[in-house]
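# Okay, predicted coordinates and the sequence, questions at the end:
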Amino acid sequence: MSPLTTTHHATATGPVLRVGGDLDYEHAPALREHVERVVLTPGQCLTVDLSDLQFCDSSGITALLAARRHTQAAGAALVLAHVPANTLRILAIVGLDQVFTIHPGSGTV
């Protein structure tokens, strides 16, 4: 298991939260806490960069849904960027690829 790492930086459109390691039952609460500390204003966009994510289970998916609720409550948007293929497959199987805004795995954030 890889420990969860989260870093964030500000951009002109809103904060970017980079998530790496394992987003699982043990580590999902840490992501939820980190997201809840992100201050958002209406119209901003929180980008969650998953390019360093190694594993994501149902607890991780739930943490991402909590991040979506947090942004909606602030009048902001949420974008998942650089979603690994295995996580994207899970999101598609359960229909969450239609719920989240997902940016392709290439490019820069």
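That came in fine, so what should we check first?
# show me where this structure has helices.
28-37, 58-73, 85-93 (DSSP state H).
# and the second one, what other elements does it pack with?
If you count contacts as 3 or more Cβ pairs under 8 Å, 6 or more residues apart in numbering; DSSP states H and E, helix 58-73 packs onto strand 15-23, helix 28-37, strand 45-56, strand 77-81, helix 85-93. Yep, even glycine has a C-beta here, placed from its N, CA and C like the rest.
# Same check on the last one?
For helix 85-93, the contact count by 3+ Cβ pairs under 8 Å, 6+ apart identifies strand 45-56, helix 58-73 as packing neighbours.
# and of the ones you listed, who's closest to residue 28?
helix 58-73 (4.0 Å; Cβ to Cβ).
# From the rest of the structure, what touches the closest one?
With contacts defined as Cβ atoms under 8 Å, 6 or more residues apart in numbering, helix 58-73 is touched by 23-25, 27-29, 31-32, 35-36, 38, 40, 45-46, 48, 77-78, 80, 87, 90-91, 94, 96, 99-100.
# Can you flag the buried ones in the residues you listed?
23-24, 27-28, 31-32, 35, 38, 40, 45-46, 48, 77-78, 80, 87, 90-91, 96, 100 (16 or more other Cβ atoms under 10 Å).
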